[in-house]
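Engineer: A predicted structure for the sequence below; I have some questions about it.
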Amino acid sequence: MIYREYGKTGKKVSLVGMGSSRFNPDNTLFIKNVDLVLQALELGINYFDTAPTYASGASEKILGTAFAQTKKEFFISTKSMLSMEPVATDVLKRIEISLKTLSVDKITFFHIWSILNIQQYRQIIAPGGPLEGVLKAKQLGMVEHICFSAHCGGNEIAEILHDGLFDGVTLGFNALNFRHRIDGLKKAHAMGLGVAIMNPLGGGLIPKNPDYFQFLKEESCSIVDSALRFVASHKEVSTLLVGVNNERDLLEGIQSVSETNLFSDEKLTALYLSATNSLDNYLCTACGYCDGCPADLPVKKLMSLYNEYILSNKNIEHYHSRCYDWFRISPLDIFACIKCGKCEKKCTQHLPIIDRITEMNKFSHREIKKWQEIADRVFPKNGEKTGIYGISFDAEHLLRSYTMIHGKIDFPIVFFDSNSAKWGKRFMDTEYIIQPPEAILENNIKRIVVTAKKYYTQIKIFLQDYVTDDMEIISI
């Protein structure tokens, strides 16, 4: 295993780190997941990345169970998001919960999670905001190093770094997006920050679309090997996070990266040129020349989202999942393009931006129709008090599509979730307060709508302790 300095912290972290968002949350596989963590420790991985919501809330519990069984040295990274913990006191409570769940006395690298733009960053560092909470936790010895993760461009990352508030950063960096992230990567390293890399395989798009990424391919190596080596070969990278769902994922990640197979600087330069020649005919490079839309549309962001559609072989489900997960765009949004053509005139790649936005609006119209049909099916016609179980984007889409038809929610509704970090908080930007499952009976709920369709059976079994026999439990 290769180990690199994590910025100026004095910590040496494994070049391959373990990402835990892909753990299977099924309770029957809990011990198997714990064993994967213990195996990673034995193989030399010492950097573990998690978050309270990863693996449907199971990730921190899995890691904590494994950590309680080992004497190996390790470093743990977990997170807090502005939308979930918007003020300092919320963040302190989150850290207290994470410490207990992870079976540790101190969180090595605590991240302010998923900064999307400078405006959001300003909210985070404002008095009473999340950063104040993390600083207090550090003063109390609960946190060792303060970090952030970002999904914004290189120039915006550089602006955040300029304030000098952080010891490390987690960035999405891969063979697809490196052109608009490389400046942020280099700037962070030059300023002495540790750099952890998320999504080194482009969220799975690179291995699923090998034809687009043949420029990476090394003789006798898979696309996965080559893509991981591409990232690891950047000296600015402290650790790259490999999402692990099984033993094969773990072993492949470790075997892909070694001192003998990293690319030279000359090889990286050649790959940059090959990437430009291979990808520019299809994909937006997020250069930003299209900024300044008269209709105030985020054209660069929309075209980056359309990249996901192209690279997934036009898989509409993948497109919709990326809308909010990566770009904070609702799949129900309609983009009011005025078709002035200014963006196309400025586009260095001469992409058909207007046509792509028109196509994206068609996707949205179909998604709106789908969710309206779901809302009509699951919501009561007789005004019965209804519970929504599972605080998710699907829950948001359900409410939004209903209000598109009816103008407002015209029946009593209560939101529930098993994640204690969400209790007492507002659902999205509504007046509804999220409650624990124990509150179902006291709210006199008549029917429950489960938003996590994939886990409907498990959730229905779980809810048996909190419902009456005559209570209806349905799935979206």
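Structural biologist: Yes, it's here.
Engineer: and the closest residue to residue 452 other than its chain neighbours, how many neighbours does it have?
Structural biologist: In space, residue 452 comes closest to residue 390 once its chain neighbours are excluded; the distance is 4.6 Å by CB to CB, 6 or more residues apart in numbering. Any C-beta I mention is one placed from the backbone N, CA and C, and that applies to glycine too. Under the neighbour criterion other CB atoms under 10 Å, residue 390 is assigned a count of 22.
Engineer: show me what contacts residue 390?
Structural biologist: Residues in contact with residue 390 (CB atoms under 8 Å, 6 or more residues apart in numbering) are 416-417, 450-452, 459.
Engineer: how much space between it and residue 437?
Structural biologist: Residue 390 is 11 Å from residue 437, where distance means CB to CB, to the nearest Å.
Engineer: for these two, list the residues in contact with both.
Structural biologist: What both residue 390 and residue 437 touch, as defined by CB under 8 Å, 6+ apart, is the set 416-417.
Engineer: any idea where the helices of the stretch 301-450 of the chain begin and end?
Structural biologist: Ranges of helices in the stretch 301-450 of the chain, per DSSP state H, counting those that start in this stretch, are 316-327, 342-346, 353-378, 393-406.
Engineer: any chance of those in JSON lines, plus distance to residue 193 and mean pLDDT?
Structural biologist: Formatted as JSON lines, the helices of the stretch 301-450 of the chain follow (distance: least, CB to CB, whole Å; pLDDT from 0 to 100):
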{"stretch": "helix 316-327", "distance to residue 193": "23", "mean pLDDT": "86"}
{"stretch": "helix 342-346", "distance to residue 193": "33", "mean pLDDT": "90"}
{"stretch": "helix 353-378", "distance to residue 193": "35", "mean pLDDT": "95"}
{"stretch": "helix 393-406", "distance to residue 193": "31", "mean pLDDT": "91"}
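Engineer: a markdown table for these, including distance to residue 179 and mean neighbour count?
Structural biologist: What follows is these, written out as a markdown table (distance: least, CB to CB, whole Å; neighbours: other CB atoms under 10 Å):
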| stretch | distance to residue 179 | mean neighbour count |
| --- | --- | --- |
| helix 316-327 | 17 | 17 |
| helix 342-346 | 17 | 16 |
| helix 353-378 | 18 | 16 |
| helix 393-406 | 29 | 18 |
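Engineer: out of the ones you listed, which is closest to residue 292?
Structural biologist: Residue 292 lies closest to helix 342-346 among the helices of the stretch 301-450 of the chain, at 7.4 Å (CB to CB).
Engineer: residues touching residue 72, list them.
Structural biologist: With contacts defined as CB under 8 Å, 6+ apart, residue 72 is in contact with 41-42, 46.
Engineer: revised request: answer the last question for residue 384.
Structural biologist: Contacts for residue 384 were tallied using CB under 8 Å, 6+ apart; they are 411-412, 446-447.
Engineer: just the buried members of the residues you listed?
Structural biologist: Buried residues within the contacts of residue 384, counting neighbours by 16 or more other CB atoms under 10 Å: 446-447.
Engineer: now, among the contacts of residue 384, which is nearest to residue 138?
Structural biologist: residue 412 (43.3 Å).
Engineer: right, and the closest one touches residue 388 too?
Structural biologist: No: applying CB atoms under 8 Å, one finds residue 412 not in contact with residue 388, separated by 11.5 Å.
Engineer: ranges for the strands of the stretch 51-200 of the chain?
Structural biologist: Ranges of strands in the stretch 51-200 of the chain, per DSSP state E, counting those that start in this stretch, are 75-81, 107-115, 143-150, 168-172, 194-198.
Engineer: and residue 19, which of the ones you listed is closest to it?
Structural biologist: Among the strands of the stretch 51-200 of the chain, strand 194-198 comes nearest to residue 19, with 6.8 Å by CB to CB.
Engineer: name the next helix or strand following that closest one along the chain.
Structural biologist: Next in sequence after strand 194-198, counting helices and strands by DSSP states H and E, comes helix 205-208.
Engineer: need the contact list for the residue lying closest to residue 337 once chain neighbours are set aside.
Structural biologist: Spatial nearest neighbour of residue 337, chain neighbours left out: residue 357 (4.6 Å); criterion: CB to CB, 6+ apart. Neighbouring residues of residue 357 by CB under 8 Å, 6+ apart: 297, 299, 302, 335, 337.
Engineer: again, but for residue 240
Structural biologist: 15-17, 196-197, 200, 228, 231-232, 257.
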